[in-house]
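Q: From the sequence below, what's the structure:
(chains A, B, C and D)
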2 protein chains.
Amino acid sequence: MDKVQTEDQSPTSTGPRSLEQHGKRRREPLTRERIIRTALRIMDEEGLDAVTMRHIGRQLGVEAMSLYNHVRDKEEILDGICEEVLAEFRVPQVEGWTEAARLGAHEYRRLLLAHPNVITLMTERKGAFTNAESLRAYEFALGLFRSAGLSEADSVKAFHTFGGYILGFVTMELGLMIGGPEDEAHVQAHEAMARLVASADLPRLREALPYIIDCDVEEQFEFGLDLLIQGLRARTPPTG
Amino acid sequence: MDKVQTEDQSPTSTGPRSLEQHGKRRREPLTRERIIRTALRIMDEEGLDAVTMRHIGRQLGVEAMSLYNHVRDKEEILDGICEEVLAEFRVPQVEGWTEAARLGAHEYRRLLLAHPNVITLMTERKGAFTNAESLRAYEFALGLFRSAGLSEADSVKAFHTFGGYILGFVTMELGLMIGGPEDEAHVQAHEAMARLVASADLPRLREALPYIIDCDVEEQFEFGLDLLIQGLRARTPPTG
DNA sequence: CGTCATACGTTGACGGCGTAAGCCTACGGG
DNA sequence: CCCGTAGGCTTACGCCGTCAACGTATGACG
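A: Numbering: from 1, shown residues only, chains lettered A, B, ... in the order given. The predicted structure follows:
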């Protein structure tokens, strides 16, 4: 077995090799928590394919099979990653439902962009969320729409609409279908598209191409958000 | 090697075992086309995990490695599946941009629901679409928004908004986060959620739960669509 | 203090995956 | 007739998730 990089040392330990206060164990005990956090870090740094039982184990200085003492199977780890990310959601503290909706949407997008592969996980996931922490965003959104004057039924619909929009937009954004020319991959994707458009009978696309290639993602996101908020204001009590 | 079920026989052949018109080969020649269509069928019928080089080969009466004579790697097959599905898009023939937008959105959703796993493929996909056929939907949408009076820049933004909404909504729909109580999996997911909500301090969610569980998906989808269309109409020339 | 159950890590193996490398053969063109 | 080549097949490698069996240190208890 080659060099093992031990992950986060406990900040309270006196050093990597020194015995602990009671002179007992040499390494942090394995936990479900530690496993999931390590898996999340691997996913963010090395991609989804690198999230492997053996790889997670190696990062923790342990064999793959040891993980099964704390986790039923790999799927539980992946589910755990989803919950871990969702739990990062910071509920915006602001008055006025439109601003709250805007900030909440940006926060959700921020989470998804911070952990680009989590969308794939959520897409493949079988059941709904089983973690209370991950429902706080849901709770926040419902409260927001209710405070805007929507009925309970409409609040649920609005939640699904906003949630769907953000999820889908970021999916497209990460899939290189939207985005600025900074990234190499983007440039390549855009060149391929330009070649295709040039060789086919797609007049609208041809004239729109510059706007597609050279667009500000933030601005695009805001556009759709405004559309939704405006549309919502139309079926909301005249104000306050 | 056990029983092999040969897929679609060529309708012009005189029979499964008879020699062809020139008395030559006994089986349909392998093609990129046939490989991709078979892979798509497997994905739809047996799920994404069943899409395996060995499995595709078996369905075609061939060893896995033979596929590589027509395809660079598995990724090319998966990309091919995406293009195949996108190419199914039927451009709605209707007057008036609002109705066209509505029908187009439903058609896109229909495609995604007809091949539930294709969303995962599109999410994981690296580059943008390289198939002209799959850009017809793009072309259609742009023409539609232009005809509504939007600028080129805004048409692009509107496309990304609608595309994002539909993609995300169907993702949530398939992930059991939205939907009626017909399906067993849905019922189970909803029960888990109900248990969670009951045990946590989530008042909004608690009162909204019945509406979440017992909702009409079509109606939910339409709600968001209306929001977008209404929002769009607000920044559109007063009419015609 | 000795014993022993238990918790938790390790080892080895299995079947399946994508695919590199090389082989075999039938067919069409010189 | 011969031979190059296209397009199959076989074998093998290094991964993967996970089952089963095994070792060992720890903490409870007589």
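
Q: which secondary element of chain A has the worst mean pLDDT?
A: When the helices and strands of chain A are scored by mean pLDDT, DSSP states H and E, helix A:184-199 comes last with a mean of 87.

Q: Give me the next element, helix or strand, following that one.
A: Downstream of helix A:184-199, the next assigned helix or strand under DSSP states H and E is helix A:203-213.

Q: returning to what we had before: show me what the least confident helix or strand of chain A packs onto, helices and strands only.
A: Using 3 or more CB pairs under 8 Å, 6 or more residues apart in numbering or on different chains; DSSP states H and E, the elements in contact with helix A:184-199 are helix A:203-213. All C-beta atoms are positioned from the backbone trio N, CA, C, and that covers glycine.

Q: what's the helix it packs on packed up against?
A: If you count contacts as 3+ CB pairs under 8 Å, 6+ apart, helix A:203-213 packs onto helix A:184-199, helix B:136-147, helix B:152-174.

Q: Now the element after it, going C-ward?
A: helix A:217-234.

Q: List the buried residues in that following helix.
A: Of all the residues in helix A:217-234, those buried under the rule 16 or more other CB atoms under 10 Å in any protein chain shown are A:217, A:220-221, A:223-233.

Q: Mind putting these into TSV with pLDDT and distance to B:Leu167?
A: Compiled in TSV, the buried residues of helix A:217-234 are given as follows (pLDDT from 0 to 100; distance: CB to CB, whole Å):
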residue	pLDDT	distance to B:Leu167
A:Val217	95	16
A:Gln220	97	14
A:Phe221	98	14
A:Phe223	98	16
A:Gly224	98	12
A:Leu225	98	16
A:Asp226	97	19
A:Leu227	97	16
A:Leu228	97	15
A:Ile229	96	20
A:Gln230	94	21
A:Gly231	94	19
A:Leu232	94	20
A:Arg233	93	25
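
Q: quick one on the thing from earlier: how about residues contacting the least confident helix or strand of chain A?
A: A:176, A:179-181, A:205-206, A:209, A:212-213, B:126-132, B:135 (CB atoms under 8 Å, 6 or more residues apart in numbering or on different chains).

Q: just to revisit the earlier point, which stretch among the helices and strands packed on helix A:203-213 approaches B:His70 most closely?
A: helix A:184-199 (21.5 Å; CB to CB).

Q: quick one, the closest one and helix B:136-147 angle?
A: Relative orientation of helix A:184-199 versus helix B:136-147 (axes from the mean of the first three to the mean of the last three CA atoms, to 10 degrees): 80 degrees.

Q: where's helix A:184-199 relative to the chain centroid, distance-wise?
A: Taking CA atoms, centre = their mean, to the nearest Å, one finds helix A:184-199 lying 27 Å from the centre of the chain it belongs to.

Q: Stretch A:182-190 now?
A: Its chain's C-alpha centre and that of stretch A:182-190 lie 22 Å apart, by CA atoms, centre = their mean.

Q: quick one: buried residues of it?
A: By neighbour count on 16+ other CB under 10 Å, the buried set for stretch A:182-190 is A:His186, A:Ala189, A:His190.

Q: Taking chain A, what residue is nearest to chain B?
A: Nearest to chain B in chain A, going by CB to the nearest CB, is A:Gly168, at a distance of 2.7 Å.

Q: Show the contacting residues for that residue.
A: Contact analysis of A:Gly168 by CB under 8 Å, 6+ apart lists B:Gly163, B:Gly164, B:Tyr165, B:Ile166, B:Leu167, B:Gly168, B:Phe169, B:Thr171.

Q: let's go with 10 Å and repeat that
A: Each residue near A:Gly168 by CB atoms under 10 Å, 6 or more residues apart in numbering or on different chains is listed here: A:119, A:224, B:119, B:160-172.

Q: same deal with A:Met43?
A: Contacts of A:Met43 by CB under 10 Å, 6+ apart are A:49-51, A:77-78, A:81, A:85, A:115-118, A:120-121.
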